[in-house]
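# Sequence and predicted model, in that order:
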Amino acid sequence: MSVLPDQPRSAVSADNLKPLQSKQASNRFLNWLKSWKPTWKQEKYLYVLALPGLLYFFIFKYIPLWGLSLAFTEYSPYLGLFKSEWVGFKHFQSFFANPDFWLLFRNTLAISFLNILLFFPMPIIIALLLNELKNATFKKWVQTSIYLPHFLSWVVIVGICFLTLSGSGIINKLVVESGGQAINFLTNPETFWGMLTAQTIWKETGWGTIIFLAALASINPELYEAAKIDGANRWKQMLHVTIPGIKGTVIILLILRLGQVLDIGFEHIYLMSSSAVTEVADVFDTYAYRVGIQNGRFSFATAVGIFKSVVGLILVLLADRAAKKLGEEGVY
């Protein structure tokens with residue numbers, strides 16, 4: 001390669017490489033289009049079926065992303081987003097400097113990790129038990145029964161909880177009639193987290209078994225036959241065939257669940273909260289609603305939401321990398 005005498009070799013090389021790199025990128029894009037064209041013709045109906053889902057994510061997930069800029073402005077409904085004053089990271093600094101931040105962080109993590117520790121394994125256990133049932137009619141009846149609570153709103157669930165656990169509820173009436181003293185279930189901070197977790201388990205466990213039952217149905221029956229020939233009983237078949245067969249699904253769902261570690265459900269917490277349990281019930285969602293939405297501080301509420309999303313993204317990426325190092329596929 002010839003070099004101009006008045007220019008350094010490195011500068012000329014970099015200038016010459018830019019058009020070459022641009023041409024290579026264009027060639028790669030054209031090759032991708034050529035390879036995609038026959039795929040489109042062969043699987044066009046699958047793309048058409050996927051179109052409503054893609055439109056949903058584009059309209060309701062990607063287009064609203066422009067609203068994240070609220071967190072960096074002093075948003076005023078009268079001025080609009082583009083005319084509101086730009087304040088940078090002011091709302092994030094205010095949020096992190098708040099003395100309640102660590103209390104909110106503790107409550108949110110405690111409730112979330114209780115859900116991961118106690119709720120996440122329950123659909124797996126129930127799916128494994130259902131998979132062992134041989135009576136198809138009884139199996140369908142059990143599945144339908146445990147699916148039903150998922151379709152009840154949290155308002156109904158919390159209403160049932162108040163009717164049974166309040167001071168004048170059914171359980172306390174039985175306790176008093178038996179000679180005991182009424183127990184303050186709903187106003188006791190020590191039982192609040194456990195009560196939330198128990199409600200989540202009752203409501204969502206049945207629905208969560210659907211994915212795991214589908215994963216169990218995909219296991220090759222020949223593996224069970226081979227295990228039987230080797231003398232494995234039902235328990236060993238579950239340990240050495242069934243559980244390894246759904247391990248990938250479990251890891252992927254766990255990674256995705258970690259992405260929601262700070263998103264524990266505003267409606268459920270808000271309905272169960274009271275002044276007696278504020279110290280253990282106040283989480284990021286309720287705080288953003290109380291301080292941000294009710295007081296008209298929309299920019300501050302958006303900053304809290306961005307913080308939750310960033311933490312969730314970091315946890316997903318770390319968990320995905322850890323899964324790949326352990327030999328699993330991961331999410332990305």
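Received the coordinates, thanks.
# Between its first and last residues, what's the separation in stretch 48-68?
Stretch 48-68 stretches 31 Å from its first residue to its last (Cα to Cα, to the nearest Å).
# whoops, stretch 50-67 was the one
Length of stretch 50-67, first residue to last, Cα to Cα: 26 Å.
# again, but for stretch 139-158
29 Å.
# what comes up buried for that stretch?
139, 142-143, 146, 149, 154, 157-158 (16 or more other Cβ atoms under 10 Å). Yep, even glycine has a C-beta here, placed from its N, CA and C like the rest.
# outside of it, which residues touch it?
Stretch 139-158 is contacted from outside by 126, 130, 133, 199, 202-207, 209, 213, 265, 267-268, 271-272, using Cβ atoms under 8 Å, 6 or more residues apart in numbering.
# same check, this time on stretch 175-185
With Cβ under 8 Å, 6+ apart as the criterion, stretch 175-185 contacts 165-167, 171-172, 191, 195.
# before we move on, back to that, from the contacts of stretch 139-158, list the buried ones, please.
Buried subset of those (neighbour count, 16+ other Cβ under 10 Å): 126, 130, 199, 202-206, 209, 213, 265, 268, 271-272.
# Nearest to A50 among those residues?
Closest approach to A50 among the buried ones among the contacts of stretch 139-158 (Cβ to Cβ): L213, at 24.0 Å.
# ok, now which ones touch the closest residue to that closest one other than its chain neighbours?
Distances taken as Cβ to Cβ, 6 or more residues apart in numbering put A127 closest to L213, at 5.1 Å, once the chain neighbours are dropped. If you count contacts by Cβ under 8 Å, 6+ apart, A127 has them with 209, 212-213, 216, 246.
# re the thing from before, among the buried residues of stretch 139-158, pick out the one closest to L317, please.
Nearest to L317 among those is W154, at 30.5 Å by Cβ to Cβ.
# picking up where we left off before, where is pLDDT lowest across the buried ones among the contacts of stretch 139-158?
Note: of these, the lowest pLDDT belongs to G265, at 82.
# Could you pull out the buried residues of the helix or strand harbouring V310?
According to DSSP states H and E, V310 maps onto helix 298-325. For helix 298-325, burial by neighbour count (16+ other Cβ under 10 Å) applies to 298-308, 311-312, 315-317, 319-320, 323.
# if we can go back for a sec, considering the contacts of stretch 175-185, which possesses the most neighbours?
The most crowded member of the contacts of stretch 175-185, judged by other Cβ atoms under 10 Å, is N172 (19 neighbours).
# Do I have it right that that one meets S166?
Yes - counting by Cβ atoms under 8 Å, N172 touches S166, with 7.1 Å between them.
# and R257, how far is that from R234?
Distance of R257 to R234, given as Cβ to Cβ, to the nearest Å: 29 Å.
# got it, and G245?
Taking Cβ to Cβ, one finds G245 at 15 Å from R234.
# more crowded one of the two?
Taking neighbours as other Cβ under 10 Å, G245 and R234 compare with G245 leading, 17 against 12.
# For the helix or strand containing that one, name the packing helices and strands.
G245 is part of helix 243-258 when elements are defined by DSSP H and E. Helix 243-258 sits against helix 121-131, helix 189-217, helix 298-325, with contacts defined as 3 or more Cβ pairs under 8 Å, 6 or more residues apart in numbering; DSSP states H and E.
# could you give the mean pLDDT of stretch 61-76?
If you average the pLDDT over stretch 61-76, you get 86.
# Residues contacting it, please?
In this structure, residues lying in contact with stretch 61-76 by Cβ under 8 Å, 6+ apart are 81, 84-92, 298-299, 302-303, 305-306.
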